[in-house]
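Q: Give me coordinates for this.
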Amino acid sequence: MTDSGPLRLAVIVGSTRKGRFGPTAAAWFAAQARKRRDLEVDLVDLAEARLPDTLRDHDEALPDQVRALGPRLGAADAFAVVTPEYNRSFPAPLKTAIDWFYDEWRAKPVTFVAYGRESGGLHATAHLREIFAELHAVAIRGAVSLPCYWEQYASDGTWPKATATCNTTVKTVLDELTWWAHALRDARTRRPFTH
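A: Prediction:
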């Protein structure tokens, strides 16, 4: 028996910096995902989640912020991590957020919306792929890379402008992500992942 309802996609804003571009990119990606009938979107902003910087020992109670976010991540069938690239990697608050959880990531697909200078966040994405593999998540091949994202603002101040390549890339990425999300949800239902 498999679940035939809509897939639950958590879009995670990985930057907590003031003046950040992350919420703009995340809102755009979430809007694209919401156009699909097979996806329900939960936008998770780490700046609002305010997870503690210091991880607890195994015998300590979970902080309230972690207990509040855990069920949202646990309910997700797939993730889209929106991250900037800082110094050829991703921001520390995102790593801390990943490390607070374990079961919530397992046997679920992850894609990335990465932004930065000429690299378009690809260095950050490469590091995140290794980390999610360690957590038994499936980092899919498809991702959205946004090099020099500030050049993609339209004259009226909206982002992205209609000719931006991300407008076509996002459809392919969402197609791949939903394929993996269906496949892994079906697999988790038939045979729970216990590793």
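Q: can you pull the pLDDT of the closest residue to residue 150 other than its chain neighbours?
A: Sequence neighbours aside, residue 21 is the residue nearest to residue 150 in space, at 7.8 Å (criterion: C-beta to C-beta, 6 or more residues apart in numbering). (Each C-beta comes from the backbone N, C-alpha and C, glycine too.) Taken from the predicted model, the pLDDT recorded for residue 21 is 97.
Q: I figured residue 21 hits residue 115, correct?
A: Yes: counting by C-beta atoms under 8 Å, residue 115 is a contact partner of residue 21 at 6.1 Å.
Q: From the contact counts, what lies against the longest helix seen in the chain?
A: The helix of greatest length in the chain, counted in residues with DSSP state H as the criterion, is given as helix 166-190. Using 3 or more C-beta pairs under 8 Å, 6 or more residues apart in numbering; DSSP states H and E as the contact criterion, the neighbours of helix 166-190 among helices and strands are strand 7-13, helix 22-34, strand 78-84, strand 109-116, strand 144-147.
Q: Buried ones in the shortest one, by neighbour count?
A: When you say that, I think you mean strand 144-147. Taking 16 or more other C-beta atoms under 10 Å as the basis for neighbour counts, the residues of strand 144-147 that come out buried are 144-147.
Q: Need the mean per-residue confidence for it.
A: The predicted model assigns strand 144-147 a mean pLDDT of 98.
Q: One more: stretch 57-74?
A: Mean pLDDT, stretch 57-74: 93.
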